[in-house]
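> Model the following, please.
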Amino acid sequence: MIIMGILNVTPDSFADGGRHNSLEAAVMHGKQMISEGVDIIDIGGESTRPGAERVSESEELSRVIPVITELSKLGVTISIDTMRASTARAAVLAGANIINDVSGGLADPEMLATAADLKTPYIAMHWRGQSKDMNSLANYNNVVDEVVHELHERITAALEAGISNNNLIIDPGIGFAKNADHNWEIIDNIDVFVALGYRVLVGGSRKRFLGADTPDEREIASIALTKRLGTSGIWGVRVHSVKPHKDVLSA
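Just a heads-up that it's a prediction; the model follows:
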């Protein structure tokens, strides 16, 4: 199972906003993750925490492109965490290898065609709306069935846009338009998502459903979640710290 390390170049991300909000700090953190054995560094310039407002395209580009340019020189695999097709294209041209779109192509009608044109792996997450509205959209009769159905719609759209089966990765969207019970229901039934036949990424690191008052205090629970998912057949986990998650998988 791969470890995707989170590198938020933002002032307001929920777990580490502001910690890496400069080129020097971001590159230093990226180098630390590489030294700890990270498989992919996921670089994002726009917070998707509940309630977050969107940033402009120019602001997003100014945050992520210099970091991608520097870290790509080190040979590490990089994913760009963005909902914008234009940012995705610029990031790939700067050295990113994967597009990680939390909206699954819903936020930008050009995204799926862009990913197909770039021929990069594309991560489509389950998403119901922008961060400022997501909490009001957490309404389900059967969360697993409905998330699978809505993800299947994004899979179909991605394939019709020209993204190959081999390049498509899916993410059930833990914490996005879902409450704690919804998140645990999805984790308890993660085999249903694996059975869809695509690589599955899970991003539950330090999120509120794990308990504790602050994101940092949820790190132990995040590591336990990675251990639990280690035998689930998923492709990877998206986490804030690399070494403890690598260690728990090799224990």
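> can we go C-alpha only for contacts and neighbour counts from here?
Noted.
> quick check: longest strand of the protein.
strand 2-8 (DSSP state E).
> quick one, the next helix or strand after it and strand 2-8 angle?
Note on strand 2-8: by DSSP states H and E, the next helix or strand toward the C-terminus is helix 23-35. Using axes from the mean of the first three to the mean of the last three Cα atoms, to 10 degrees, the inter-axis angle of helix 23-35 relative to strand 2-8 is 170 degrees.
> Which parts of the stretch 151-251 of the chain are strands?
Using DSSP state E, counting those that start in this stretch, the strands of the stretch 151-251 of the chain run over 168-171, 199-202, 236-239.
> picking that back up, what are the pairing partners of the longest strand of the chain, and which direction each?
Applying DSSP bridges, strand 2-8 is found paired with strand 40-44 (parallel), strand 236-239 (parallel).
> Deepest-packed of those, please.
strand 40-44 (a mean of 25; mean count of other Cα atoms under 10 Å).
> Following element in sequence after that one, please.
Following strand 40-44 in sequence order, the next helix or strand is helix 57-72 (DSSP H and E).
> tell me which strands and helices that next one is in contact with?
Judged by 3 or more Cα pairs under 8 Å, 6 or more residues apart in numbering; DSSP states H and E, the packing partners of helix 57-72 are helix 23-35, strand 40-44, helix 85-94.
> Output that helix as PDB, nothing but the C-alphas.
Coordinates of each C-alpha in helix 57-72 appear next as PDB, following Å, rounded to 0.1, in the frame of the first residue of the first chain:
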ATOM      1  CA  GLU A  57      -6.600  30.600 -10.000                       C
ATOM      2  CA  SER A  58      -3.600  32.900  -9.900                       C
ATOM      3  CA  GLU A  59      -3.200  32.500  -6.100                       C
ATOM      4  CA  GLU A  60      -3.400  28.700  -6.400                       C
ATOM      5  CA  LEU A  61      -0.800  28.700  -9.200                       C
ATOM      6  CA  SER A  62       1.600  31.000  -7.300                       C
ATOM      7  CA  ARG A  63       1.400  28.700  -4.300                       C
ATOM      8  CA  VAL A  64       1.900  25.300  -6.000                       C
ATOM      9  CA  ILE A  65       4.000  25.700  -9.200                       C
ATOM     10  CA  PRO A  66       7.300  26.800  -7.500                       C
ATOM     11  CA  VAL A  67       7.100  23.900  -5.000                       C
ATOM     12  CA  ILE A  68       6.300  21.400  -7.700                       C
ATOM     13  CA  THR A  69       9.200  22.700  -9.800                       C
ATOM     14  CA  GLU A  70      11.700  22.300  -7.000                       C
ATOM     15  CA  LEU A  71      10.500  19.000  -5.700                       C
ATOM     16  CA  SER A  72      10.200  17.400  -9.100                       C
END
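> Gly30 reaches Ile40, doesn't it?
No. Judged on Cα atoms under 8 Å, Gly30 makes no contact with Ile40 at a distance of 10.1 Å.
> rewinding a little: among the strands paired with strand 2-8, which comes closest to Lys246?
Proximity to Lys246 (Cα to Cα) singles out strand 236-239 among these, at 10.4 Å.
> For the closest one, give me every contacting residue.
Here strand 236-239 makes contact (Cα atoms under 8 Å, 6 or more residues apart in numbering) with 1-6, 200-205, 222, 226, 245.
> switch to 10 Å and redo it
For strand 236-239, contacts defined as Cα atoms under 10 Å, 6 or more residues apart in numbering pick out 1-7, 39-42, 171, 199-206, 219, 222-223, 225-226, 229-230, 245.
> residue ranges of the helices in the stretch 101-250 of the chain, please?
Assigned by DSSP state H, counting those that start in this stretch, the stretch 101-250 of the chain shows helices spanning 111-118, 143-161, 180-188, 190-194, 219-229, 243-250.
> hmm, back to that, now do the shared contacts for Gly30 and Ile40.
Taking Cα under 10 Å, 6+ apart as the contact rule, Gly30 and Ile40 both touch 5-6, 76.
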